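S.K.: Need a 3D model of the following:
(chains A, B, C, D, E and F)
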Protein chains: 6
Amino acid sequence: MSEERVATVRPMSEDEATGRVADIFDDIRRTKGIDFVPVFWRTLAIHPHQLEMVWSNLKQWMHPEAVGRTPRLDARTREIIALAVSATNGCAYCVNSHTAALRKLGVDDETLGEVMSITGLFNMTNALADGYQIEPDVRPPLGE
Amino acid sequence: MSEERVATVRPMSEDEATGRVADIFDDIRRTKGIDFVPVFWRTLAIHPHQLEMVWSNLKQWMHPEAVGRTPRLDARTREIIALAVSATNGCAYCVNSHTAALRKLGVDDETLGEVMSITGLFNMTNALADGYQIEPDVRPPLGE
Amino acid sequence: MSEERVATVRPMSEDEATGRVADIFDDIRRTKGIDFVPVFWRTLAIHPHQLEMVWSNLKQWMHPEAVGRTPRLDARTREIIALAVSATNGCAYCVNSHTAALRKLGVDDETLGEVMSITGLFNMTNALADGYQIEPDVRPPLGE
Amino acid sequence: MSEERVATVRPMSEDEATGRVADIFDDIRRTKGIDFVPVFWRTLAIHPHQLEMVWSNLKQWMHPEAVGRTPRLDARTREIIALAVSATNGCAYCVNSHTAALRKLGVDDETLGEVMSITGLFNMTNALADGYQIEPDVRPPLGE
Amino acid sequence: MSEERVATVRPMSEDEATGRVADIFDDIRRTKGIDFVPVFWRTLAIHPHQLEMVWSNLKQWMHPEAVGRTPRLDARTREIIALAVSATNGCAYCVNSHTAALRKLGVDDETLGEVMSITGLFNMTNALADGYQIEPDVRPPLGE
Amino acid sequence: MSEERVATVRPMSEDEATGRVADIFDDIRRTKGIDFVPVFWRTLAIHPHQLEMVWSNLKQWMHPEAVGRTPRLDARTREIIALAVSATNGCAYCVNSHTAALRKLGVDDETLGEVMSITGLFNMTNALADGYQIEPDVRPPLGE
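M.R.: Residues are numbered from 1 along each chain as shown, chains lettered A, B, ... in the order given. Okay, the predicted model is just below:
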């Protein structure tokens, strides 16, 4: 085991997967169109129900076609939300993973700069609104 | 002063504004196409440089046409980032304000549900990736 | 519509629910042993897939017997995690809801005080460890 | 000093400790049953009152027998809260340290998976409840 | 019990306090130079050790003269840190309380505006640095 | 490209800068009195408007003399706020950078210990106040 290890659990290797876990690993590779299972999923596999819950949730929202749903948001917008949340929380793994996904979708530096500037801006205004305890002007109109 | 007051500073009223502050209040009304200055901006006005800094930043990213810039992201995507960040930080004023902005842009419950589901999903995966200290598979490809 | 409204969407009433949503509302009442559907779930119902995803996830982890799984953590420990996370994030609805759940499980003020003290303590040490950028002594031993 | 250093202050070595700091270092080794003083405590020692405050607080809640107090929560539950908070905040040092503590207490991958799944779940529901600004159904019953 | 109640535990009234709790309530009134015990402390009193731990910690850092320590930071700077942290975390009770403390110390709107602008600015740069996963230029020089 | 790379975009080198970006790089070196442009700014330069917005904001608040403004807070207090916010958010780059800035201003271990202790303390009380949903005693007095 390398000294450099940071993760706190040993990710399952793809070879070790059997039964339900192996099926989900297959589904991850097929749905994402990649030939390996990212370490995030191999880590969650230490508890098969955990792998299943998180994957079914992510598949529903990030791969809607794969579950036969017509999404309102396109793939770029969905990954932009993922990156904005991950930057706000400061999650390194997630920032890396969703930046890579956006690059794959053709996002260039200028677009990435806009995403990050807007994410930074609202982290600033959130602190200001909370720091002054500003009260809403009006309630947002409810949906239909 | 109402018992119900929550804000920790007295927002400037529109009538009180003079000089640079009055000009920015005008610009806010004109740029946003509204006939009042939201309490957020009237609160920031307690320090005119603060009002100017935050407004010039927000105008740059959220009203790019007003500064002659062609944005990569459309208005709906920009407000979606604002809402995703605000929900992640739990900022009530900001959630209200950006939900109202999205409604004005025609966003219905189904779209809002998608935005929130994706925001919720990545708050979950961020906690998991950080909670297991998962190491990146690969670095994202750098731009160009 | 009451002036007091805060929520940004209109929660579905129990009467309005049909089809899949009505089934999930039934399952929530039955699984939780309550005679109403909390507003959290009625709000998520604006997007039925959202309701389904979050409920199946919560049912899996918080009501394991209902899905035929033998949990490692008992109900009190599970709700304690929920409260610790919610206090850390400052989520008012969630703090209220999970404190109520702990009361129902018989948790008294002394136990609640211990949960909150430990939650507070580690929010302090987290800030200290991050604020000094302290490096790990050793990596945690991997499972098995 | 290694290029790899990340910490922003030089932790005190165990040999350098004198007086009150040396006494606390002794108490840490004895109370925790370990033969070294973790870097976290050696870092806090740059300000002896800081070391004393944090240690007396942590000793009170995490080593109650050592202060003659009968706790309501057992050691495993206490460390689980620590890990849930640390994962929510994304504190790497703390995630490592509390995962190691849980391993020492015999926690296996399945239990750890449950802790993390529940932590992830409530980070998701917190974002949803805050993102929709959902109002409480009822106030939790007050203790006795 | 008022419908308006938000707190999840019943704060102890000053009259109910006996023994160690009454002594700490006295110390809080005397040290802070006020004639009542704020609800924060009366809430912590549901677990007397909790009250004692948090009060001794706060007294050490925010009322150093009362423990015979000569601080490096003056009272205004200490309360500014408290407000910056509370705005960053979005803690309403704490923002209110520390803004009130700063007002008592003579802080005017212009100074408060500077505190909040700087707090907002670094919430923005934190999101940017984390969102691009920027690596340190150099390590900060270690103390002596 | 080194295996060790973490950043998700390629920072612009100082040599590559032209036009408006080169002018801002000059201004950064001159205003900060350093002979290089920190990687944070070279990263933001992937979108020149982003560089300009963040720099004008930071210059306004952290280098007020350079914009002809008389600040209410001195340089040490301003950097202390920056560090308190960065420790609260757990932003590694920012903790390193602002600790280095404080060292340059002559801050010793004892002062740094006070800053961090107070930052840690209020992260604890924030979690407690939010975790019990404590209601404000009184509203802070409004400024004049």
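
S.K.: closest point of chain A to chain D, which residue?
M.R.: Residue of chain A nearest chain D, by Cβ to the nearest Cβ: A:His47 (2.6 Å). Every residue, glycine included, has its C-beta placed from N, CA and C.

S.K.: Wait, that residue touches D:Ile118, no?
M.R.: No - judged on Cβ atoms under 8 Å, A:His47 makes no contact with D:Ile118 at a distance of 11.0 Å.

S.K.: hang on, the earlier thing: from A:Glu65, how far out is the residue of chain A closest to chain D?
M.R.: For A:His47, the distance to A:Glu65 (Cβ to Cβ, to the nearest Å) stands at 28 Å.

S.K.: Over to A:Ala87?
M.R.: Distance from A:Ala87 to A:Glu65, counting by Cβ to Cβ: 27 Å.

S.K.: While we're on the residue most central in space within chain A, how confident is the model there?
M.R.: The centre of chain A sits closest to A:Ala82, judged by Cα atoms, centre = their mean, with a distance of 4.8 Å. Note on A:Ala82: pLDDT of 98.

S.K.: Spell out which helix or strand contains A:Tyr93, please.
M.R.: Following DSSP states H and E, one finds A:Tyr93 within helix A:92-104.

S.K.: how far is that helix from where the chain is centred?
M.R.: How far helix A:92-104 lies from its chain's middle: 8 Å, per Cα atoms, centre = their mean, to the nearest Å.

S.K.: Determine whether any part of that helix lies close to chain C.
M.R.: No - Helix A:92-104 is not in contact with chain C by Cβ under 8 Å from any Cβ of the partner chain; minimum separation 12.9 Å.

S.K.: Stretch A:114-127 too?
M.R.: No - residues of stretch A:114-127 are not located near chain C by Cβ under 8 Å from any Cβ, the shortest gap being 12.0 Å.

S.K.: ok, and does that stretch reach over to chain D?
M.R.: No - against chain D, stretch A:114-127 shows no contacts by Cβ under 8 Å from any Cβ, the least distance being 11.1 Å.

S.K.: And the helices in chain A?
M.R.: In chain A, the helices defined using DSSP state H lie at A:19-32, A:39-44, A:48-62, A:75-89, A:92-104, A:109-131.

S.K.: related to what we said a few turns ago, which one of A:His47 and D:Ile118 is surrounded by more residues?
M.R.: The neighbour comparison of A:His47 against D:Ile118 (other Cβ atoms under 10 Å in any protein chain shown) goes to D:Ile118, with 27 against 22.

S.K.: Next, the contact list for that one, please.
M.R.: C:61-62, C:73, C:78, C:81-82, D:84 (Cβ atoms under 8 Å, 6 or more residues apart in numbering or on different chains).

S.K.: just the residues you listed now: which is nearest B:Val37?
M.R.: C:Ala82 (40.6 Å; Cβ to Cβ).

S.K.: close enough to count as contact, that closest one and C:Ala101?
M.R.: Yes - using Cβ under 8 Å, C:Ala82 is in contact with C:Ala101, at 7.5 Å.

S.K.: Pick out whichever of A:Ala87 and A:Glu65 has more residues nearby.
M.R.: Taking other Cβ under 10 Å, A:Ala87 and A:Glu65 do not tie; A:Ala87 has more neighbours (29 against 10).

S.K.: A:Gly120 contacts E:Met124, correct?
M.R.: Yes - in this structure A:Gly120 lies within contact range of E:Met124 using Cβ under 8 Å: 4.2 Å.

S.K.: Give the residues shared as contacts by these two.
M.R.: F:Val54.

S.K.: Verify the contact between A:Leu102 and A:Arg76 for me.
M.R.: Yes - using Cβ under 8 Å, A:Leu102 makes contact with A:Arg76 at a distance of 7.1 Å.

S.K.: Neighbour count: those two, which is higher?
M.R.: Each of A:Leu102 and A:Arg76 has its neighbours counted (other Cβ under 10 Å); A:Leu102 has more, 21 against 16.

S.K.: mind listing what that one touches?
M.R.: Contacts of A:Leu102 by Cβ under 8 Å, 6+ apart are A:76, A:79-80, A:83, A:111-112, A:115.

S.K.: one more time with 7 Å, if that's ok
M.R.: Shown in contact with A:Leu102 (Cβ atoms under 7 Å, 6 or more residues apart in numbering or on different chains): A:79, A:83, A:112.

S.K.: State the distance from the second one to D:Glu135.
M.R.: This means A:Leu83. Relative to D:Glu135, A:Leu83 is positioned 30 Å away (Cβ to Cβ).

S.K.: now the contacts of A:Leu102 in CSV, with neighbour count?
M.R.: Shown next, in CSV, are these (neighbours: other Cβ atoms under 10 Å in any protein chain shown):
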residue, neighbour count
A:Glu79, 25
A:Leu83, 26
A:Leu112, 25
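
S.K.: Would you mind checking which of those residues is nearest to C:Glu16?
M.R.: Using Cβ to Cβ, the contacts of A:Leu102 come closest to C:Glu16 at A:Glu79, 33.6 Å.

S.K.: my guess is that closest one meets A:Ala100, correct?
M.R.: No - when contacts are counted by Cβ atoms under 7 Å, A:Glu79 is not listed as touching A:Ala100 (9.6 Å).

S.K.: count of neighbours near A:Ile81?
M.R.: A:Ile81 has 29 nearby residues by other Cβ under 10 Å.

S.K.: My error: substitute A:Pro71 in the last question.
M.R.: 18.

S.K.: Just give me the neighbour total for A:Val37.
M.R.: Around A:Val37 there are 22 residues (other Cβ under 10 Å).

S.K.: where are the low-confidence patches of chain A?
M.R.: Along chain A, the parts satisfying pLDDT under 70 run over A:1-7, A:138-144.

S.K.: So which bits of chain A are right by chain F?
M.R.: A:90, A:95-96, A:99, A:109-110, A:112-114, A:117 (Cβ under 7 Å from any Cβ of the partner chain).
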